[in-house]
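Trainee: I would like to see how this sequence folds:
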Amino acid sequence: MGSLDSSIRSAARATYSAYKRQPIRWRLAGGSAALTLVILCGFAVIVGTLTTQAIYQNFNRRVSTAADRLSNGLTYSVEAYDDQGNPKLSPHGPGLNQYASANNAAIRIVDRYGHLLKPASLSMSRGAPYLGTPVLGDTTFNGWRVETRHMQTDDARIELLMQYAERISSVRSTANRVKLFLGLGVLAGAALALLAGLATARRAMEPISELTLAARRIARTRDTSIQIPKPEADDEVAELAETLDSMLHALDEARTETEAALTRQREFVADASHELRTPLTSVLANLELLEEATLGEQRETAASALRSSRRMRRLVADLLLLARADAGRQLPHRAVDLSDVVTDAASELEPVAGDHEISVSAPPGVEIEGARDELHRLVLNLMENALRHTDPGTAVEATVERRNGEVVLAVEDDGPGIPRELHDKVFERFFRGEGDRSGSSGLGLSIVKAVADSHHGRVTLEPPLDGRGARFVVRFPSRR
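Mentor: Reported below is the predicted structural model:
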């Protein structure tokens with residue numbers, strides 16, 4: 001019993017879950033059609049029951065009336081008696097065959113024991129079957145509705161009975177046709193209710209569809225100033241439209257405030273980074289003089305402070321470049337030979353490359369529109385990143401070429417490479433890989449991306465040509 005209840009509950013939950021997954025218009029139309037089906041079924045049951053009863057009552061009344069009319073119009077008279085004393089009767093009135101065929105009935109004239117009178121042609125209609133033992137009144141026998149009446153004779157000693165019958169199947173077929181028509185009417189009414197419900201639901205859902213389209217347009221364009229359509233009716237949909245409109249206004253104000261705050265923050269960082277360069281330059285100059293003028297431990301202390309200050313100057317320069325990019329401040333762009341920039345960066349890194357082998361393949365005259373200092377920083381960061389994350393003795397190669405209307409800069413190394421799961425993170429700010437042994441700030445590749453974006457280019461991390469190491473590729477639009 002418990003398992004049966006559990007199965008019933010599981011089936012009910014599955015049915016309810018399937019119902020909840022249907023669209024709202026189908027749920028509304030289905031509910032309307034189901035309610036209409038229940039109402040029509042109840043109506044059909046009542047109408048069918050009453051109509052069937054009326055059909056059978058009318059049939060019974062017609063059979064009884066026909067039997068009464070025949071018994072009143074048909075009489076038998078005694079003409080003579082045979083040697084055994086059996087009377088010879090002669091009918092007067094309508095013929096049994098004509099009356100029976102006109103009413104599609106069967107007629108038998110019998111005595112009180114059910115025996116047919118002789119001859120049979122005078123006491124039975126053509127093809128009349130046996131109608132059972134005669135019982136005065138109405139009865140049913142073998143699919144026939146039988147009415148039994150007394151017959152009139154001119155001899156009171158003779159008792160005759162008439163059995164008049166019509167088939168019940170004729171009226172049953174009529175009742176079944178009525179039931180069929182009612183059933184078809186119920187199904188047709190439910191189908192019409194479903195179609196009408198779908199049409200009504202579609203019309204009712206049109207304002208919500210308009211709200212959905214407006215929301216998709218806002219999501220696609222990110223323009224919160226788009227007007228939300230408001231229905232004419234003052235209903236729940238209109239309240240939803242007003243709520244969405246208020247929410248969009250609030251989001252627009254919040255975004256405006258956030259953008260203003262971010263703009264002020266970017267401008268502050270850019271201005272602060274710019275202002276920090278002057279005191280840092282003074283500090284560096286003083287520390288360099290102090291390092292030259294001191295000896296022993298004091299000189300080592302000054303040298304350590306000088307290294308930290310130089311690192312701070314590099315960090316401030318990086319922050320200043322990123323802040324300018326965030327604030328949309330760009331240095332003037334002019335024609336720059338990217339091959340010269342790559343060659344200069346390689347020459348600058350050659351003294352600190354150690355055992356690394358730096359090679360450059362950059363034909364002269366490959367020009368793009370840009371700021372030379374920022375492009376120099378981009379190339380320098382890419383090559384420093386390769387030197388920082390590879391073992392001594394490995395090679396770092398930088399190439400510049402024209403390809404499909406673009407200027408392609410590629411920096412490739414023979415190091416261990418970058419795991420695939422980190423490909424999307426290496427350009428994030430302050431991200432440091434596990435193999436970073438130099439204590440970098442984690443801004444090098446983010447600066448590369450910022451400079452590439454400001455020059456209408458793009459930087460990607462691609463599989464190396466020889467299948468080993470890392471390969472960074474920057475594509476710039478070629479200078480016209």
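
Trainee: Pop out the phi and psi values for residue 63.
Mentor: phi -60, psi -40 (degrees, to the nearest 10).

Trainee: quick one: contacts for residue 409?
Mentor: Listed by Cβ atoms under 8 Å, 6 or more residues apart in numbering, the contact set of residue 409 reads 338, 342, 379, 382, 398, 399, 400, 473, 474, 475, 476. For the C-beta atoms, the positions are set from N, CA and C on the backbone; glycine is no exception.

Trainee: Now it, what are its backbone angles?
Mentor: When read as degrees, to the nearest 10, the backbone of residue 409 gives phi -110, psi 130.

Trainee: Which residues does it form beta bridges with?
Mentor: residue 400, residue 474 (DSSP bridges).

Trainee: ok so, going back, from the contacts of residue 409, which is closest to residue 56?
Mentor: Of all the contacts of residue 409, residue 56 sits closest to residue 475, with 92.3 Å by Cβ to Cβ.

Trainee: how close does that closest one sit to residue 386?
Mentor: Distance, residue 475 to residue 386, by Cβ to Cβ, to the nearest Å: 18 Å.

Trainee: Which one of those two is surrounded by more residues?
Mentor: residue 386 (26 against 18; other Cβ atoms under 10 Å).

Trainee: In this structure residue 96 contacts residue 124, no?
Mentor: Yes: in this structure, residue 96 is within contact of residue 124 by Cβ atoms under 8 Å, at 6.9 Å.

Trainee: Now for these two: what residues contact both?
Mentor: Taking Cβ under 8 Å, 6+ apart as the contact rule, residue 96 and residue 124 both touch 107, 109.

Trainee: Please enumerate the strands of this structure.
Mentor: Under the criterion DSSP state E, the chain contains strands at 75-81, 87-92, 105-111, 137-141, 144-150, 152-153, 160-167, 334-337, 357-361, 367-370, 395-403, 406-413, 458-462, 471-477.

Trainee: Same list (these) but as JSON lines, adding mean pLDDT.
Mentor: Putting those into JSON lines (pLDDT from 0 to 100) gives the following:
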{"stretch": "strand 75-81", "mean pLDDT": "74"}
{"stretch": "strand 87-92", "mean pLDDT": "74"}
{"stretch": "strand 105-111", "mean pLDDT": "86"}
{"stretch": "strand 137-141", "mean pLDDT": "88"}
{"stretch": "strand 144-150", "mean pLDDT": "89"}
{"stretch": "strand 152-153", "mean pLDDT": "77"}
{"stretch": "strand 160-167", "mean pLDDT": "88"}
{"stretch": "strand 334-337", "mean pLDDT": "88"}
{"stretch": "strand 357-361", "mean pLDDT": "86"}
{"stretch": "strand 367-370", "mean pLDDT": "88"}
{"stretch": "strand 395-403", "mean pLDDT": "88"}
{"stretch": "strand 406-413", "mean pLDDT": "89"}
{"stretch": "strand 458-462", "mean pLDDT": "86"}
{"stretch": "strand 471-477", "mean pLDDT": "90"}
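
Trainee: Can you lay out the ones you listed as a markdown table showing distance to residue 244?
Mentor: Shown next, in a markdown table, are the strands of the chain (distance: least, Cβ to Cβ, whole Å):
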| stretch | distance to residue 244 |
| --- | --- |
| strand 75-81 | 94 |
| strand 87-92 | 94 |
| strand 105-111 | 78 |
| strand 137-141 | 73 |
| strand 144-150 | 72 |
| strand 152-153 | 93 |
| strand 160-167 | 72 |
| strand 334-337 | 49 |
| strand 357-361 | 58 |
| strand 367-370 | 45 |
| strand 395-403 | 49 |
| strand 406-413 | 44 |
| strand 458-462 | 37 |
| strand 471-477 | 41 |
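
Trainee: Out of those strands, flag the one nearest residue 262.
Mentor: Between residue 262 and the strands of the chain, the shortest gap by Cβ to Cβ is with strand 458-462, which sits at 23.5 Å.

Trainee: buried ones in the closest one?
Mentor: For strand 458-462, a neighbour-count test (16 or more other Cβ atoms under 10 Å) marks 459, 461 as buried.

Trainee: could you say what helices and strands that strand packs with?
Mentor: Packed against strand 458-462, as judged by 3 or more Cβ pairs under 8 Å, 6 or more residues apart in numbering; DSSP states H and E, are the following elements: helix 444-454, strand 471-477.

Trainee: between the longest one and strand 471-477, how many degrees?
Mentor: Taking axes from the mean of the first three to the mean of the last three Cα atoms, to 10 degrees, one finds helix 444-454 and strand 471-477 inclined to each other by 20 degrees.

Trainee: For helix 444-454, what does the pLDDT average out to?
Mentor: The average pLDDT within helix 444-454 is 83.

Trainee: could you say what helices and strands that helix packs with?
Mentor: Helix 444-454 packs on helix 296-326, helix 372-388, strand 458-462, strand 471-477, going by 3+ Cβ pairs under 8 Å, 6+ apart.

Trainee: The second one relative to strand 406-413, how many degrees between them?
Mentor: Per the same axes, to 10 degrees, the angle that helix 372-388 makes with strand 406-413 is 30 degrees.

Trainee: then helix 372-388 to PDB, C-alphas only?
Mentor: Extracted C-alpha coordinates of helix 372-388, given in PDB (Å, rounded to 0.1, in the frame of the first residue of the first chain):
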ATOM      1  CA  ARG A 372      56.500  55.200 -30.100                       C
ATOM      2  CA  ASP A 373      57.000  55.200 -26.300                       C
ATOM      3  CA  GLU A 374      53.900  53.000 -25.800                       C
ATOM      4  CA  LEU A 375      54.800  50.600 -28.500                       C
ATOM      5  CA  HIS A 376      58.300  50.400 -27.100                       C
ATOM      6  CA  ARG A 377      56.800  49.500 -23.700                       C
ATOM      7  CA  LEU A 378      54.600  46.800 -25.400                       C
ATOM      8  CA  VAL A 379      57.600  45.100 -27.100                       C
ATOM      9  CA  LEU A 380      59.700  45.400 -24.000                       C
ATOM     10  CA  ASN A 381      57.100  43.800 -21.800                       C
ATOM     11  CA  LEU A 382      56.600  40.900 -24.200                       C
ATOM     12  CA  MET A 383      60.300  40.200 -24.400                       C
ATOM     13  CA  GLU A 384      60.800  40.700 -20.600                       C
ATOM     14  CA  ASN A 385      58.000  38.300 -20.000                       C
ATOM     15  CA  ALA A 386      59.600  35.700 -22.200                       C
ATOM     16  CA  LEU A 387      63.000  36.100 -20.400                       C
ATOM     17  CA  ARG A 388      61.400  36.100 -17.000                       C
END
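
Trainee: Perfect, I'm done here.
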